[in-house]
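**Student:** Give me a 3D structure for the following:
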Amino acid sequence: MFSSRVPADLSPNALAVAVERMRLAGRRFADLTVSNPTVAGIEYPPDLLAPLADSKALHYDPQPFGLPSARQAVAADYARRGVRVPHSRVVLTASTSEAYALLFKVLCDPGESVLVPTPSYPLFEHLTRLESVRAVPYRTEFHGTWTIDLDELRRLVDGSTRAVLVVSPNNPTGAWVRRDELRALEMLCAEHDLALISDEVFADYPIDPAPGAVASVIDHEPESLSISLGGLSKTVGLPQLKLGWMALGGPPARVREALMRLEVAADTYLSVATPVQLAADWLLRRGQVVREQIHRRVTSNYEALRETAATAPWCQVLRAEGGWSAVLRIPHTMPEDERVIHLLEHEGVLVHPGFFFDFPREGYLVVSLLAHPDVFRPALERLVAAVGRS
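**Tutor:** Numbering: from 1, shown residues only. This is a model prediction of the structure:
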């Protein structure tokens, strides 16, 4: 009866079962996987959502790419980051996930492929499968900083490839795309007529960028069709308002062609609500206070992580250049699934195992830098001590 776009096996994994068991038993634990800023002790201005009550929202003016005022607000926010893009090249969506879905519809026929980075957030597997597109992984490697294996990437391009995806900064590794990598990616995409799609939702949260880190794949005039993705979820810490966007750069003819096709797809759904569009300018400007708090939180927790790990030679913090997560490399003395369940049940600390993000081998843990400091530091100390005993 059901399609193969949704996995046949929907049973929860062992860690999810263990978490639910802890909750049902009333046992408290420190959640170092938290990615929702609204539950992490961030203080939001009480007037932040006031514009959502604007009576102008009672008038419906459907626009496939979104209201011009909201698109202008997004273009102004790019300018805040030093990236110039005309609002005519901005397309509003309900989320970055929807932006991916629209792009896959426009770029790919069923069965065609896009190249996706590993390690990275496992959302791509689901987004591509739901669109009947194949996700072909390419490696990034850690050599003091994370770098793209460009040789492998070139080998993976074939007649079915339609796009290359990057995440900058990456989730969870924190790696930014560097200028030399971007140049190589653009040349590859131009040679094979591929789109370059860059997920830049964490771009407002630099921690320790490597030299040459680029603000955006559209911070210049790209040689190939390039698309930058962002959204309120991370930029203003408001995942519940459901406003994302894409901004296009590249050869003008290619950009026009892409926009014409995106207009057909976006007009089919018209998914972005009017109130959040009318409030976009206010939210992006007023939300600076939220953004600054989140940035202070993640940089402070990263320093706490490095200080704690410095006392434990069995734990190595891999350099985090940006974002909300950090990676710990630990001795592989037990399988990662057993490790994280043991940490949860015996130390009261919930972390992600590396295999959730397709790390090349076991021996990695991923922690959220968004957790409240009163939770983060003592939980981290318990985690590091427990790893040292095993």
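**Student:** Next, work out how far apart residue 353 and residue 363 are.
**Tutor:** From residue 353 over to residue 363 the distance is 10 Å, taken as C-beta to C-beta, to the nearest Å. For every residue, glycine as well, the C-beta is placed using N, CA and C.
**Student:** of those two, who's got more company?
**Tutor:** residue 353 (23 against 18; other C-beta atoms under 10 Å).
**Student:** Give the buried residues for the helix or strand where residue 386 lies.
**Tutor:** In the assignment (DSSP states H and E), residue 386 maps to helix 373-389. For helix 373-389, burial by neighbour count (16 or more other C-beta atoms under 10 Å) applies to 375-377, 379-384, 387.
**Student:** Check those against residue 96 and report the nearest one.
**Tutor:** residue 376 (26.1 Å; C-beta to C-beta).
**Student:** pLDDT score assigned to the closest one?
**Tutor:** Predicted confidence (pLDDT) for residue 376: 97.
**Student:** Which of the helices or strands spans the nearest residue to it once chain neighbours are set aside?
**Tutor:** Of all residues not flanking residue 376 in the chain, residue 301 sits nearest, at 5.1 Å (C-beta to C-beta, 6 or more residues apart in numbering). Assigned by DSSP H and E, residue 301 belongs to helix 288-310.
**Student:** Now do that helix against helix 373-389: the angle between them, please.
**Tutor:** 20 degrees (axes from the mean of the first three to the mean of the last three C-alpha atoms, to 10 degrees).
**Student:** by contact count, what packs against helix 288-310?
**Tutor:** strand 316-318, strand 325-329, helix 373-389 (3 or more C-beta pairs under 8 Å, 6 or more residues apart in numbering; DSSP states H and E).
**Student:** tell me how far the longest one is from the chain's mean position?
**Tutor:** Right, the one you point to is helix 373-389. 26 Å (C-alpha atoms, centre = their mean, to the nearest Å).
**Student:** quick revisit: out of the helices and strands packed on helix 288-310, which gets nearest to residue 119?
**Tutor:** Per C-beta to C-beta, nearest to residue 119 of the helices and strands packed on helix 288-310: strand 325-329, 8.1 Å.
**Student:** could you pull out the helices for the chain?
**Tutor:** For the chain, the helices defined by DSSP state H occupy 14-24, 68-80, 96-107, 123-130, 150-156, 179-192, 232-235, 252-269, 274-278, 280-286, 288-310, 336-347, 373-389.
**Student:** Of those helices, give the one that comes closest to residue 51.
**Tutor:** Here helix 280-286 is closest among these (C-beta to C-beta), at 4.6 Å.
**Student:** Give me the buried stretch members for the closest one, please.
**Tutor:** Buried-residue list, helix 280-286, by 16+ other C-beta under 10 Å: 280-284, 286.
**Student:** what's the most distant pair in the residues you listed?
**Tutor:** Distance extremes for the buried residues of helix 280-286: the farthest pair is 280 and 286 at 10.9 Å, using C-beta to C-beta.
**Student:** Could you report the distance from the closest residue to residue 75 other than its chain neighbours to residue 68?
**Tutor:** Leaving aside its chain neighbours, residue 75 sits nearest to residue 87 (4.1 Å; criterion: C-beta to C-beta, 6+ apart). In this view, residue 87 and residue 68 are 7 Å apart by C-beta to C-beta.
**Student:** The two: who's more crowded?
**Tutor:** Between residue 87 and residue 68, counted using other C-beta under 10 Å, the more crowded position is residue 87 (18 against 14).
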